[in-house]
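S.K.: Here's my sequence, what's the structure:
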Amino acid sequence: MPIRLAHDAGRLSSMPDPDFLIEDRAPGRPLVISFGFAQWERPPAFDYQGRLKKVEWILGDSFQKIHLRDTRLAWYLKGIQGLGPDLPSTLDSLRGLIDELRPARTVMLGQSMGGYGAILYGQALGVERVVAFGPLSTMDLASALRLGDRRWMSVMQALQDQGIPGASTDLLGLLADRGAGHPKLRLHYGCLPDAPEHGPENLDLFHARRFQALAGTSVRLHPGAAHAVSEHLRARCELDTVLLEELFDVAADLVHSRRQPQLTDDWIQWIAENRIRNADMAGMIQAMAANGIAGITARSAIATVLRDPIYRWAARTFSSIDVSRA
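M.R.: This is a model prediction of the structure:
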């Protein structure tokens with residue numbers, strides 16, 4: 001059933017704060033659907049919203065975006081407010097949206113609770129790929145007890161009390177039912193334990209081992225990360241590279257970052273000086289291309305320089321000086 005949010009006067013448009021956001025409609029372009037993670041101190045935010053804008057700029061190509069969040073903290077098993085009162089109706093609404101947007105391909109993205117939701121919805125909607133950081137493999141209370149994972153027992157108990165059967169929450173069972181037609185999973189897990197009370201091993205690894213048995217699944221381990229893998233990658237200035245690689249198959253050696261530089265110091269200095277002189281970035285990228293530098297490398301290098309604290313200090317220091325005449 002198609003849903004036309006722009007001019008629908010019904011239940012969707014009447015929601016004061018719906019838990020979905022559609023950005024950059026461009027039928028025919030790829031679609032990334034992001035799922036927000038659980039936040040206990042405040043309402044969950046739309047995750048990856050700013051980061052995907054940055055990825056889009058580095059990529060040099062536009063794509064469509066739908067951002068989802070679960071303010072009921074039910075691991076998306078009770079649906080999404082604004083799209084439907086339960087999971088089946090929410091999935092129907094999303095099918096309608098995807099039909100309207102006619103994407104070249106659809107990728108789900110999420111971390112933690114959002115990663116679980118991305119896999120759950122990805123298999124139900126038959127998308128091509130799911131990229132997830134630290135997702136659980138099940139929200140079944142009995143299964144979690146067997147695995148020794150007691151981190152979100154209260155949520156699992158509440159779901160069970162509300163009549164959501166544990167078998168319907170087990171992602172391995174749901175994916176196996178689709179056979180070879182399930183989405184390709186690209187999963188990332190940390191190796192460090194989150195807290196002493198959880199034991200000496202990262203409990204996410206129990207779920208990683210379950211997923212590894214599924215054909216077409218890539219599991220990458222990050223020794224320096226705990227549960228919050230995405231935050232770990234962000235702090236190491238590696239998140240853009242991973243997202244470009246996992247979402248759009250961009251080779252990592254095309255992406256410049258502080259930890260994995262692809263350009264020389266001379267080029268980095270050239271970028272900084274030109275930006276301080278207010279040079280046009282499109283012209284800078286063209287000049288770099290004329291010297292054999294790929295567009296993704298040029299844009300990622302510019303983005304890295306503009307976020308460097310030393311560059312920011314220099315830009316503030318010289319902002320009152322007409323450096324274009326210097």
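S.K.: Quick one: distance of stretch 238-247 to the chain centre.
M.R.: Its chain's C-alpha centre lies 9 Å from the corresponding centre of stretch 238-247 when counted by C-alpha atoms, centre = their mean, to the nearest Å.
S.K.: May I see the buried residues of that stretch?
M.R.: By neighbour count, with 16 or more other C-beta atoms under 10 Å as the criterion, the buried positions of stretch 238-247 are 238, 239, 240, 241, 242, 243, 244, 245, 246, 247. In short, each C-beta sits where N, CA and C put it, glycine included.
S.K.: element containing the third one, please.
M.R.: It refers to residue 240. In the assignment (DSSP states H and E), residue 240 maps to helix 239-248.
S.K.: Pull the distance from that helix to the chain's centre.
M.R.: Its chain's C-alpha centre lies 9 Å from the corresponding centre of helix 239-248 when counted by C-alpha atoms, centre = their mean.
S.K.: What of stretch 116-132?
M.R.: Between the centre of stretch 116-132 and the centre of its chain there are 12 Å (C-alpha atoms, centre = their mean).
S.K.: Please identify the buried residues of it?
M.R.: Judged by neighbour count (16+ other C-beta under 10 Å), stretch 116-132 contains these buried residues: 116-124, 127, 129-132.
S.K.: what do you get for stretch 215-228?
M.R.: 217, 219, 222, 225, 226, 227, 228.
S.K.: try stretch 249-260
M.R.: 250, 254, 255, 256, 257.
S.K.: first to last residue in stretch 137-155, what's the distance?
M.R.: Distances were taken as C-alpha to C-alpha, to the nearest Å; on that basis the terminal residues of stretch 137-155 are 15 Å apart.
S.K.: Any idea how far apart the tips of stretch 123-135 sit?
M.R.: For stretch 123-135, the first and last residues are 14 Å from each other (C-alpha to C-alpha).
S.K.: repeat for stretch 219-237
M.R.: Looking at stretch 219-237, the gap from its leading to its trailing residue is 20 Å under the measure C-alpha to C-alpha.
S.K.: Please tell me how far that stretch is from the chain's geometric centre.
M.R.: 13 Å.
S.K.: repeat for stretch 280-295
M.R.: Going by C-alpha atoms, centre = their mean, where stretch 280-295 is centred and where its chain is centred differ by 28 Å.
S.K.: what does it contact?
M.R.: Among residues not part of stretch 280-295, those counted as contacts by C-beta atoms under 8 Å, 6 or more residues apart in numbering are 60, 254, 263, 267, 271, 274, 275, 297, 298, 299, 302.
S.K.: and the fifth one, what does it touch?
M.R.: By C-beta under 8 Å, 6+ apart, the contact list for residue 271 reads 284, 301, 302, 305.
S.K.: could you point out where the protein is predicted with low confidence?
M.R.: Across the chain, the ranges flagged by pLDDT under 70 are 1-16, 178-180, 319-326.
S.K.: quick one: secondary structure of the residue nearest the centre of it?
M.R.: Against the mean C-alpha coordinate of the chain, by C-alpha atoms, centre = their mean, the closest residue is residue 109 at 4.0 Å. Classification of residue 109 by DSSP: H, G, I helix; E, B strand; the rest coil places it in strand.
S.K.: Specify the beta-bridge partners of it.
M.R.: When bridges are taken as DSSP bridges, the partners of residue 109 come out as residue 34, residue 131.
S.K.: which of the buried residues of stretch 238-247 sit farthest apart?
M.R.: With distances taken as C-beta to C-beta, the most widely separated pair in these is 238 and 247, at 14.4 Å.
S.K.: circling back to that earlier point, okay, the buried residues of stretch 238-247 in CSV with distance to residue 33 next?
M.R.: Putting those into CSV (distance: C-beta to C-beta, whole Å) gives the following:
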residue, distance to residue 33
238, 23
239, 18
240, 19
241, 21
242, 18
243, 14
244, 17
245, 18
246, 14
247, 11
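S.K.: in the stretch 1-150 of the chain, which spans are helices?
M.R.: With helices called from DSSP state H, counting those that start in this stretch, the stretch 1-150 of the chain shows them at 11-14, 49-59, 87-101, 113-125, 141-147.
S.K.: follow-up on the earlier one: looking at the buried residues of stretch 215-228, which are in strands?
M.R.: When strands are assigned by DSSP state E, the members of the buried residues of stretch 215-228 inside them are 217, 219, 222.
S.K.: can I get those in a markdown table with distance to residue 52?
M.R.: Conversion of those to a markdown table gives the following (distance: C-beta to C-beta, whole Å):
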| residue | distance to residue 52 |
| --- | --- |
| 217 | 23 |
| 219 | 23 |
| 222 | 21 |
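S.K.: Out of these, the closest to residue 153 would be?
M.R.: Using C-beta to C-beta, those come closest to residue 153 at residue 219, 24.6 Å.
S.K.: okay but that closest one is in contact with residue 210, surely?
M.R.: No: the pair residue 219 and residue 210 does not pass the contact test of C-beta atoms under 8 Å, sitting 10.0 Å apart.
S.K.: What distance do you get for residue 282 to residue 290?
M.R.: 13 Å (C-beta to C-beta, to the nearest Å).
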